[in-house]
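Asks: Need the 3D shape of this:
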Amino acid sequence: MNRPVIGREQDAAESDRMDLKDWRARALEFEGEVGRAIVGQERAIRLLVIAVFARGHVLLEGDVGVGKTTLLRAVAHALGGSYERVEGTIDLMPSDMIYYTFLNEDGKPRVEPGPVLRHGSDLSVFFFNEINRARPQVHSLLLRLMAERSITAFNTEHFFPHVLVFADRNRIEREETFELPAAARDRFLMEVSIGSPTDDESRRALLFETRFHDVDQLIGALKEGVIDYRQINALAKIIQSSVVVSPAIEKYTLDLWKAVRDPAAANVSIPGVDMTRLVAGGASPRGMSYLIRAARVSAWLAGREMVVPEDIRDIFYECMAHRIFLSPVYELRREELVRSLIDQIFASVPAP
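Replies: Numbering: from 1, shown residues only. Modelled structure (predicted):
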């Protein structure tokens, strides 16, 4: 039996009229607007802009209080559309994301849409805070929302064609947390690290400029809807079909992929590490295709019509590190070893 459908995106008739140069100027304006609310995070902002135009979901990691939520609220405000946030807790159930029940003023039970359904197809940014505090059942629902941009509820298919999922992992506290399954991690285009600003001017501004002390006022002062979120899906297709990946870049990317999967065969070495046992899996075809998708957007933002090796190398860690799975004996040294692995691969695989 066919279910009713709500929110499915219609064909974007305006895509033929989109000008990439004009849209690049708008993308840079969008990046600049977000930068008005967040200081000292230029690289994180650029990566999120790449993710927005590559239509990829993002996993955020970093200490508490470094501005992850403020950054996402700024992105949502400048992007337009609806923003929703959910806190990951041990008792959160999948149904809590879809609906909630209560007694109305007449004492009768009522059912209202939950955070995923509340805004319908206008939902553009969905932030799942501390995703690793939620149970695997919740991860499963989120996985479908990320993969298919749809869920089934009340015997109806609900589509969210414009949604991007941003999730934060608590990397400090380990109690009552559930590690994300490999399939869920692989659905994220990037994992972006956000730390405290390191330059003195950004630190001074955050401490002493009062506009940074009231987040609501800070976000409210930004220009809303700098770009039309309803047009980005069509624009993303044009970017992917217009920015060229040469045969030399194709071979370079394939060589990098081989080296990640089998670093010993690529003569990659890390002192004190058995390279034949280091990588247990990962670097999936989906992950590599995401890498190229992001590289094309990076080239477009830089004003180029073709991908160069720097586009690949610049985003390689953020696109690949979270989908490289190490043998258990090396897992506790993950960050150190994955960074060393990628650095050594770049040193071993010649760039065109």
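
Asks: Could you report the pLDDT at Arg286?
Replies: Per-residue pLDDT puts Arg286 at 92.

Asks: Could you shift the numbering so residue one becomes 56, and keep it that way?
Replies: From this message on, residue numbering opens at 56, which makes the last subject Arg341.

Asks: just checking, it touches Arg240?
Replies: No. The criterion here is Cβ atoms under 8 Å, and Arg341 misses it with Arg240 at 11.1 Å. C-beta coordinates here come from the backbone N, C-alpha and C atoms, glycine included.

Asks: Tell me which of the two has more neighbours.
Replies: For Arg341 versus Arg240, the count of surrounding residues by other Cβ atoms under 10 Å is larger for Arg240: 17 against 12.

Asks: Okay, and that one sits in which element?
Replies: Using DSSP states H and E, the element containing Arg240 is helix 237-241.

Asks: helix/strand/coil for the most centrally placed residue in the chain?
Replies: Centroid check for the chain by Cα atoms, centre = their mean gives Val113 as the closest residue, at 1.4 Å. On the three-state scheme (DSSP: H, G, I helix; E, B strand; the rest coil), Val113 is labelled strand.

Asks: list the contacts for it?
Replies: Contact analysis of Val113 by Cβ atoms under 8 Å, 6 or more residues apart in numbering lists Leu102, Leu103, Ala106, Leu219, Val220, Phe221, Ala222, Phe243, Leu244, Met245, Glu246, Val247.

Asks: Any chance you could give me stretch 123-143 in CSV, C-alpha atoms only?
Replies: Taking C-alpha atoms only, stretch 123-143 is exported to CSV below (Å, rounded to 0.1, in the frame of the first residue of the first chain):
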residue,chain,number,x,y,z
LYS,A,123,29.9,24.8,18.4
THR,A,124,26.3,25.7,19.1
THR,A,125,26.8,29.4,18.3
LEU,A,126,28.5,28.4,15.1
LEU,A,127,25.6,26.2,14.0
ARG,A,128,23.0,28.8,15.0
ALA,A,129,25.0,31.4,12.9
VAL,A,130,25.1,28.9,9.9
ALA,A,131,21.3,28.3,10.3
HIS,A,132,20.5,32.0,10.5
ALA,A,133,22.5,32.9,7.5
LEU,A,134,21.3,29.9,5.6
GLY,A,135,17.6,30.5,6.3
GLY,A,136,15.0,27.8,6.8
SER,A,137,14.3,26.2,10.2
TYR,A,138,16.7,25.2,12.8
GLU,A,139,16.2,22.4,15.4
ARG,A,140,18.3,21.1,18.2
VAL,A,141,18.1,17.9,20.2
GLU,A,142,20.0,17.0,23.3
GLY,A,143,21.4,13.4,23.4
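
Asks: What are the boundaries of the strands in the stretch 256-405 of the chain?
Replies: Along the stretch 256-405 of the chain, the segments classed as strands by DSSP state E, counting those that start in this stretch run 334-337, 379-381.

Asks: which residues are contacting the last one?
Replies: It stands for strand 379-381. Ala237, Val315, Leu333, Val334, Ala335, Gly336, Gly337, Ala338, Arg389, Leu392, Val393, Leu396.

Asks: Can I have the buried ones of these as a ChimeraX selection?
Replies: Buried members of those, defined by 16 or more other Cβ atoms under 10 Å, are picked up in ChimeraX with:
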select :315,333,334,337,338,392,393,396
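
Asks: Turn the contacts of strand 379-381 into CSV, including distance to Tyr138 and pLDDT.
Replies: Output for these, formatted as CSV (distance: Cβ to Cβ, whole Å; pLDDT from 0 to 100):
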residue, distance to Tyr138, pLDDT
Ala237, 29, 81
Val315, 35, 93
Leu333, 40, 92
Val334, 37, 91
Ala335, 37, 89
Gly336, 35, 83
Gly337, 31, 76
Ala338, 32, 85
Arg389, 31, 88
Leu392, 36, 94
Val393, 32, 94
Leu396, 36, 94
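
Asks: thinking again about what came up before, mind picking the one among the contacts of Val113 that's closest to Phe183?
Replies: Within the contacts of Val113, the smallest distance to Phe183 is 4.3 Å, found for Ala222 (Cβ to Cβ).

Asks: partners of the helix or strand encompassing that closest one, with directions?
Replies: Here Ala222 is covered by strand 219-224, with elements defined by DSSP H and E. Strand 219-224 sits in its sheet next to strand 112-116 (parallel), strand 178-184 (parallel), going by DSSP bridges.

Asks: okay, Ala238: pLDDT?
Replies: pLDDT for Ala238: 80.

Asks: Can you tell me how far the residue nearest to Leu134 when sequence neighbours are not counted is from Ala402?
Replies: Excluding the flanking residues, the one nearest Leu134 by Cβ to Cβ, 6 or more residues apart in numbering is Tyr284, at 5.0 Å. Tyr284 sits 40 Å away from Ala402 when distances are taken as Cβ to Cβ, to the nearest Å.

Asks: Comparing the two, which shows the higher neighbour count?
Replies: When neighbours are counted by other Cβ under 10 Å, Tyr284 and Ala402 differ, and Tyr284 comes out ahead with 22 against 9.

Asks: Just to check, that one is in contact with Gly136?
Replies: Yes. Using Cβ under 8 Å, Tyr284 makes contact with Gly136 at a distance of 4.3 Å.
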